[in-house]
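Novice: Sequence and predicted structure are below.
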Amino acid sequence: MRESGLPSRVINFGGNLEFCPAAIVAPRTEADVLRILHEHRGRRIRAVGRLHSWSEAVVAEELLLDLRHLDQIDVRDDEQGPVATVGAGCQIKRLLAELDRRGLTLPSVGLISEQSLAGAVATGTHGSGRSSLSHYVAGMRIACYDPVTDEPLIRQVRGGDELRAARCSLGCLGVVLSVDVRPRPAYRVEEWFRLHESLAEVLAAEPDAPLQQFFLIPWLWNFLGQHRRESTQPRSWLAPLYRAYWFAAIDVALHLVLRLIVRVLRRRGAIKGFFRHIALRTVIRGWHVVDWSQRMLIMEHELFRHIEIEMFVPQTHLPKAVTFVREILEAFDGDAASLSPETRAALTNLGRIDELQSAVASYTHHYPICIRRVFGDDTLISMTSDSDEPYYAISFISYDRPVERDGFFRFARFLSDSMSALFAARPHWGKVCPLTRDQAQRLYPNLPQFREQCVRFDRQARFGNAWLDRLCLGKPDS
């Protein structure tokens, strides 16, 4: 069963996943969803939005539901203020535009706005300096099966562990039909760039720039602070020029040059020379610009296909984790002698020093390492759930061709295994996520409660897949 115009082969945005479900359907109404669930009761079902995920969470083994047509937006007021009921397939950029017309915006925004709202919520998508978008979800409507009659129905989720599970569910509870999110009044952000010599120096800027993100520049190893704070100042008259500069110089030109170096020149020396002598010249520093938040906080990262792993590190472990990252990147590039005695001893104790030695000279990193502070979420299994301290999300992006990513995947697996053990770091559910079952159980103490909610919504685990069975649903390996 495949609707006309829909492909038989599905490839995600990053090009790292390719699968062929037995059936692909794009329902246009909630009634269509219930009918499809009734007709396919014996199959495993996965719902997807825009496939902006690099993890295996998106893989549909039997029936794939494409929810792009469920994109309605209804903004109203209740006793607590404005609330937006948004169809699961609605893209964030469309929601932001509709909210903007009403003088509102989302309380947390990630780097890209191409994602569907439900997909972003389901994987804990976040920005910088706030909790993830999942944290601000007030309710959901989810299509699943009645545990007694096994007939499809729609469940309203409003509070308790049901809501905490639904806020970051990875699609395991059922087919999300709509999401209630509480917008906030539109606001402006002041932004400026500054180069810092050390992590301590850039972190010292956080009180004055609580929305900042910063970049560890590979092979230079300085920190470029993209400092941000809310502002009551009017929009800068040069803001349109600033946005044009950012799009042309950073979103397009910088990435084209990196792709040229990585895919054509393919020389380590060229990569290192670019970051040591050229990259920072593309960034205007000291220019304070004020503009609306939805313009400042979003990049056009979807313009060029890439792949990414993002590790969430508790604040107390951040200094050691950043040092560790630098040493591991240098070792993978070919300089294993750069390992400090502390890192060598830690990897020896983990039984991974030989693994690192065998990976020497297998991967050269070629993109600025973005670091963002993310506050705790009122969820069960999002990356910052169950925490009283902030996490810092450390992001590693590769622009290698899909057929030339073996080195990156080797690096990502080593990074995830070692950082989860040494720093209780959690890889992003929606990006490359090499977690094992044992690691997931150790890192997410609320997994048992999450599984209880999954059973309540989906007793036969029809809304999972093999990857989710292993990591989250507690099913034995087949």
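Specialist: Perfect, thanks for sending it. Residues are numbered from 1 along each chain as shown.

Novice: Might you report the residue contacts of the residue sitting nearest the centre point of the chain?
Specialist: Closest residue to the average C-alpha location of the chain: Thr125 at 4.6 Å, with CA atoms, centre = their mean. By CB atoms under 8 Å, 6 or more residues apart in numbering, Thr125 lies in contact with Gly110, Gln115, Ser132, Leu133, Ser134, Gly430. Bear in mind the C-beta positions are built from the backbone N, C-alpha and C, glycine included.

Novice: Doesn't it belong to a helix?
Specialist: No - Thr125: not assigned to a helix; according to DSSP: H, G, I helix; E, B strand; the rest coil it is coil.

Novice: okay, it: pLDDT?
Specialist: Per-residue confidence (pLDDT) for Thr125: 91.

Novice: Could I get the full set of strands for the stretch 51-200 of the chain?
Specialist: Along the stretch 51-200 of the chain, counting by DSSP state E, counting those that start in this stretch, strands occupy 63-66, 73-78, 81-87, 104-105, 137-145, 152-157, 175-181, 184-185, 188-196.

Novice: and these as JSON lines, adding distance to Tyr245 and mean neighbour count?
Specialist: Compiled in JSON lines, the strands of the stretch 51-200 of the chain are given as follows (distance: least, CB to CB, whole Å; neighbours: other CB atoms under 10 Å):
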{"stretch": "strand 63-66", "distance to Tyr245": "37", "mean neighbour count": "23"}
{"stretch": "strand 73-78", "distance to Tyr245": "32", "mean neighbour count": "12"}
{"stretch": "strand 81-87", "distance to Tyr245": "32", "mean neighbour count": "20"}
{"stretch": "strand 104-105", "distance to Tyr245": "23", "mean neighbour count": "20"}
{"stretch": "strand 137-145", "distance to Tyr245": "35", "mean neighbour count": "22"}
{"stretch": "strand 152-157", "distance to Tyr245": "44", "mean neighbour count": "17"}
{"stretch": "strand 175-181", "distance to Tyr245": "32", "mean neighbour count": "25"}
{"stretch": "strand 184-185", "distance to Tyr245": "28", "mean neighbour count": "13"}
{"stretch": "strand 188-196", "distance to Tyr245": "12", "mean neighbour count": "18"}
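
Novice: so Arg437 makes contact with Cys472?
Specialist: No - using CB atoms under 8 Å, Arg437 makes no contact with Cys472, being 9.1 Å away.

Novice: If you count surrounding residues, which of those two has more?
Specialist: Cys472 (24 against 15; other CB atoms under 10 Å).

Novice: thought that one was touching Pro448?
Specialist: No - using CB under 8 Å, Cys472 is not in contact with Pro448; the gap is 10.8 Å.

Novice: which residue sits closest to Ser385, ignoring its sequence neighbours?
Specialist: Nearest residue to Ser385, sequence neighbours excluded (CB to CB, 6 or more residues apart in numbering): Thr379, at 4.5 Å.

Novice: Might you report the residue contacts of that neighbour?
Specialist: Residues near Thr379 by CB under 8 Å, 6+ apart: Gly124, Ser132, Ser134, His135, Arg164, Ala165, Arg167, Cys168, Ser385.

Novice: do you know how far the spatially closest residue to Leu203 that is not a sequence neighbour is from Phe275?
Specialist: Leaving aside its chain neighbours, Leu203 sits nearest to Leu318 (8.0 Å; criterion: CB to CB, 6+ apart). Here the distance between Leu318 and Phe275 works out to 22 Å (CB to CB, to the nearest Å).

Novice: just for this structure, where's the confidence low?
Specialist: Scanning the chain for pLDDT under 70 picks out 1-7, 475-478.

Novice: quick one: contacts for the most far-flung residue of it relative to its centre?
Specialist: No residue in the chain sits farther from the centre than Thr149, which is 36.8 Å out by CA atoms, centre = their mean. By CB under 8 Å, 6+ apart, the contact set of Thr149 is empty.

Novice: Ok, Leu153 next?
Specialist: By CB under 8 Å, 6+ apart, the contact list for Leu153 reads Leu34, Ala143, Cys144, Tyr145, Asp146.

Novice: again, 10 Å this time
Specialist: Leu34, Leu37, Ile142, Ala143, Cys144, Tyr145, Asp146, Pro147, Gly174 (CB atoms under 10 Å, 6 or more residues apart in numbering).

Novice: and what of Arg164?
Specialist: Counting by CB under 10 Å, 6+ apart, Arg164 touches 134, 137, 157, 377-382, 385-386, 446, 449-450, 453.
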